[in-house]
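Visitor: 3D model of this:
(2 chains)
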Amino acid sequence: MKFKTFIAFVGPSLFMMMLFIAFPLVSVFTQSFYNVQPEFEQVEVETCTPGFPTQTCVTEVKSRPVMDENGNIKTTTHFVGLQAYRDVLEFDRVGAAIRNGSWSQLMTIDFWKALRFTLTFTLFTLPLVIGVGLAIALAVNNAARSLRGPVIFISLLPFIITPVIGSLSIYWLFVGDGILTAALERWLDKDIAMFAQAWTIELLMLFYRVWHVAPFAFVIFYAGLQTVNQDTLESAIIDGANRLERLRYVIVPHLMPLIIFIAIIHLMDSYRVFEEVVGFRSQSHVISLQWLTYDFLVPDDSGNRAISRASASAMLTMIGIVILLILPLRRTWRDHKGSH
Amino acid sequence: MKLRNLALAGAVAVTGTGVWAECAFENEIEVKMLSAGFEAWKAVADAMAECGNFEAELDQEFRTKQPAAFAASPSLYHLGGVSNGTITPLLNEGTIRPLDDLVAEYGQDLSPNQLIRIDGKIMAIAMMVNTQHLQYRADILKDLGLEVPQTWDEVMAAAEKIQEAGVVDYPLGATLKSGWNLAQDFVNMFYGYGGSFVDDSNNPTINNEAGINALETMKAMTPYLDPEYLVSDSTYVQQQFQQGKIAMANLWASRAAAADIEGESQVVGLVETAAAPLATADGPPATTIWWDGIVVAANISDEEAVAAFKLIVEGLDEEMVSANNEAAIWLVPGYEPGRFATGAIETLSAQPSPPAYPSTTAMGLMHTALGNGISDYLTGAKDAETALADIEAAYITSAKEAGLITE
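Guide: Below you'll find the model as predicted:
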């Protein structure tokens, strides 16, 4: 292909990628080193609010942002270097926890608590998603032709539910005397509170994520299964390979690139676990890195938001994903080079 | 109920129907309002819509949208529904206008109690007050021969008796959902013990006796609560009442009337209200006072402001209140306090009286730090002093980043 034609084809998407991926990334990266602060003045303000039977007025000293001549809040931007990263990582408290040799003390520091959960969540769901996805794909592939359509349709349903809605549904099924909790209570004959301690919440989160994402793995694997070389399979049967051996020596090696692909996508997605924390209202027990960024970013009732720390936390999340992806990407790269 | 919850969860648009039956005038300039979505706002929006050319967006996410929408020029909304907790960003950015002239010209029917004065200028027109009060099952207390508790010690004692009697699933309910609700409960209790959150230079002052007492009282409640208390918000507690699962709760006054909704509540006529319990015998009720009201945007033309203000007066008239008397503790003339208003009015008129929730930039940061930090104490991960010290540290970090504290 001529270079000019190549650019004509690729140009628009390159432009879009610059605009929607590269530029925001650079912007967040820069913001994590700067801090924009309004200028405050201390003023005595009298506030009169409704009371019974008449108004009550109180005079207080309040900090109020200073306005410039255009009626905008006066702000100053400082370069703060790595301060935002230090505020997120809180190394002094980590140091104290390590000196005390106390894991539980370390787990009260937001970032590390979030990192612990995010990693466990990512690494536990990964094999489950791949395993369950493969199992459904094999089952469907071996099902009678007339059943395949309906089975595929039903298995795909969890995947098309919006994650927040899905996690809310699970929450409602289990919270208080939700139907599933009530059923469990009747069956086990004891009082169960799924949202009263961390481990049950985490278990529900793992379950929900696998239920939600396994259909994605299933679709990919099912497509992959259609391309398995039937001659190889037949010769394996003639050689006396049983079902398990055929799976292990023929099918899985054939599907390996797809397994890597799903692993990469899943690592990226589940490291950004967020909907479960919001849907299950689990902030008291379990938080994730993405939720931490959100919490910095969301304004409080007085309109404050911690943009620098949110940027720093977002960058740290990205660094985490890159580290996680190094292994599978290296493998893909080796395979890619080997095939030439 | 389901339908209404759905409606509240999203945004509801109430549009003028063109039938201006009960409006005193015909509104000719288009006016838009963004406010919260609970019953009282719906009543006011409906009353305003009678004048025509009016559109209200009732959205529970209003507090996130409002500052940006009002900062636009021209402002995306003419009117905003605010509370004393959410007016601060609008005040700080100067995106709402003083209403003194408009009140002088068109506001004769408003009561002086409704005029929210900040720094001498009228910045909002209040329509209702809200506070927490003690909501209780009168039948259960009577059966067990218990007096209505007036202090938190008495609440715990009564809860113990109710627990022993085993008449409900859990003696108490509480809005302790982590985040905003949890922090609000601490704010109430902390004020009840006479604390104050920051000093004049915005440094935190919560790691002291009042703070520890507040935390300990909160923890003392937990054995009587549903073990899932850290996910329980106002709606959850309201439903626990309606389903007869709890006997007492210190709950928002605006939630009381739900106990009498036929078809939704199993305890119709059994729930009564009293003043919010005291934390100390001679202190104020452990709660804060809130008002909800309407502000007018700064970035709109004067004609639009006049039209918008006339709608406020129309929306907050006697007719609206008499039609929706039970929807809120109205400040509007013509309001007849009903059975459920007893607790709120006792709370508001208590001596010493509970403070109004202090909306300041510092308090916003403190509220967030509290909401994230208290659960570590309740789950047992930290003791009270460590929890308070860590909350103070988290507050200082945010306050430095926000520029409130300089080293």
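Visitor: Not counting sequence-adjacent ones, nearest residue to the residue of the stretch 1-150 of chain B found nearest chain A?
Guide: Closest approach between the stretch 1-150 of chain B and chain A, counting by Cβ to the nearest Cβ: B:P89, at 3.0 Å. Just so you know, the C-beta spots here come from the backbone N, C-alpha and C atoms, and that holds for glycine as well. Nearest residue to B:P89 in three dimensions, chain neighbours excluded: A:G303, at 3.0 Å (Cβ to Cβ, 6 or more residues apart in numbering or on different chains).
Visitor: For that neighbour, which three-state class applies?
Guide: What DSSP: H, G, I helix; E, B strand; the rest coil gives for A:G303 is coil.
Visitor: Also A:C48?
Guide: Going by three-state DSSP: A:C48 is strand.
Visitor: Surely it touches A:T54?
Guide: No. Judged on Cβ atoms under 8 Å, A:C48 makes no contact with A:T54 at a distance of 9.8 Å.
Visitor: okay, those two: which has more neighbours?
Guide: A:C48 (21 against 11; other Cβ atoms under 10 Å in any protein chain shown).
Visitor: what's across from the more buried one in the sheet?
Guide: A:C57, B:R117 (DSSP bridges).
Visitor: Now do the contacts for it.
Guide: A:55-57, B:115-118 (Cβ atoms under 8 Å, 6 or more residues apart in numbering or on different chains).
Visitor: cool, A:V213 as well?
Guide: Residues in contact with A:V213 (Cβ under 8 Å, 6+ apart) are A:125, A:129, A:159, A:266, A:269-270.
Visitor: Could you export those residues as TSV, including pLDDT, distance to A:E44 and secondary structure?
Guide: Output for these, formatted as TSV (pLDDT from 0 to 100; distance: Cβ to Cβ, whole Å; DSSP: H, G, I helix; E, B strand; the rest coil):
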residue	pLDDT	distance to A:E44	secondary structure
A:T125	96	56	helix
A:V129	96	60	helix
A:F159	88	59	helix
A:H266	94	57	helix
A:D269	92	52	helix
A:S270	93	52	helix
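Visitor: any weak-confidence spans in the chain?
Guide: Just going to use chain A. Applying pLDDT under 70 to chain A flags the ranges A:338-340.
Visitor: Sorry, I should have been clearer: chain B.
Guide: Residue ranges of chain B with pLDDT under 70: B:1-21, B:407.
Visitor: quick one, domains of it?
Guide: B:2-129+B:290-337, B:131-288+B:344-348 (automatic domain parsing).
Visitor: Now find how far off-centre the longest one is within its chain.
Guide: Put plainly, it is domain B:2-129+B:290-337. When distances are taken as Cα atoms, centre = their mean, to the nearest Å, domain B:2-129+B:290-337 is centred 16 Å away from the chain's centroid.
Visitor: in terms of contact count, name the helices or strands touching the top helix by length along chain B.
Guide: Longest among the helix segments of chain B by residue count, using DSSP state H, is helix B:384-402. For helix B:384-402, the elements it packs on are strand A:34-38, helix A:83-89, helix B:209-221, helix B:361-373, helix B:375-378, judged by 3 or more Cβ pairs under 8 Å, 6 or more residues apart in numbering or on different chains; DSSP states H and E.
Visitor: Convert the C-alpha atoms of the last one to PDB, please.
Guide: I take that to be helix B:375-378. Provided in PDB are the C-alpha atoms of helix B:375-378 (Å, rounded to 0.1, in the frame of the first residue of the first chain):
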ATOM      1  CA  SER B 375     -16.900   3.300  59.500                       C
ATOM      2  CA  ASP B 376     -13.400   2.100  60.500                       C
ATOM      3  CA  TYR B 377     -14.400   2.800  64.100                       C
ATOM      4  CA  LEU B 378     -17.800   1.100  63.800                       C
END
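Visitor: Near chain A, which residues of the stretch 201-350 of chain B are found?
Guide: For the stretch 201-350 of chain B, the contact set with chain A under Cβ under 8 Å from any Cβ of the partner chain comprises B:201-202, B:226-231, B:236, B:240, B:289, B:291, B:331, B:345, B:348-349.
Visitor: wouldn't B:L34 be in contact with B:D59 here?
Guide: Yes. The criterion here is Cβ under 8 Å, and B:L34 meets it with B:D59 at 6.7 Å.
Visitor: who touches both of those two?
Guide: B:K65.
Visitor: Looking at the two now, which is surrounded by more residues?
Guide: In this view B:L34 and B:D59 are compared by other Cβ under 10 Å, and B:L34 has more residues nearby, 26 against 22.
Visitor: is that one in a bridge, and if so with what?
Guide: With DSSP bridges as the rule, B:L34 is bridged to B:E57, B:G80.
Visitor: Filter the contacts of A:C48 down to the buried ones.
Guide: Neighbour counting with 16 or more other Cβ atoms under 10 Å in any protein chain shown marks A:55-56, B:115-118 as buried within the contacts of A:C48.
Visitor: Same list, those residues, but as JSON lines with distance to A:T200 please.
Guide: Formatted as JSON lines, these follow (distance: Cβ to Cβ, whole Å):
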{"residue": "A:Q55", "distance to A:T200": "49"}
{"residue": "A:T56", "distance to A:T200": "46"}
{"residue": "B:L115", "distance to A:T200": "51"}
{"residue": "B:I116", "distance to A:T200": "46"}
{"residue": "B:R117", "distance to A:T200": "51"}
{"residue": "B:I118", "distance to A:T200": "47"}
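Visitor: For B:Y193, state which of those residues is nearest.
Guide: B:Y193 lies nearest to A:T56 out of the buried ones among the contacts of A:C48, by Cβ to Cβ, at 20.7 Å.
Visitor: Test my guess that the closest one contacts A:T47.
Guide: No. Counting by Cβ under 8 Å, A:T56 does not reach A:T47; the two are 9.2 Å apart.
Visitor: Overlap of the contact sets of those two?
Guide: Common neighbours of A:T56 and A:T47, using Cβ under 8 Å, 6+ apart, are B:A356.
Visitor: quick one: B:E164 from B:M248, how far?
Guide: 15 Å (Cβ to Cβ, to the nearest Å).
Visitor: Of the two, give the one with the bigger neighbour count.
Guide: For B:E164 versus B:M248, the count of surrounding residues by other Cβ under 10 Å is larger for B:M248: 29 against 10.
Visitor: In terms of helices and strands, where is the more buried one?
Guide: Take DSSP states H and E as the rule and B:M248 turns out to sit in strand B:246-252.
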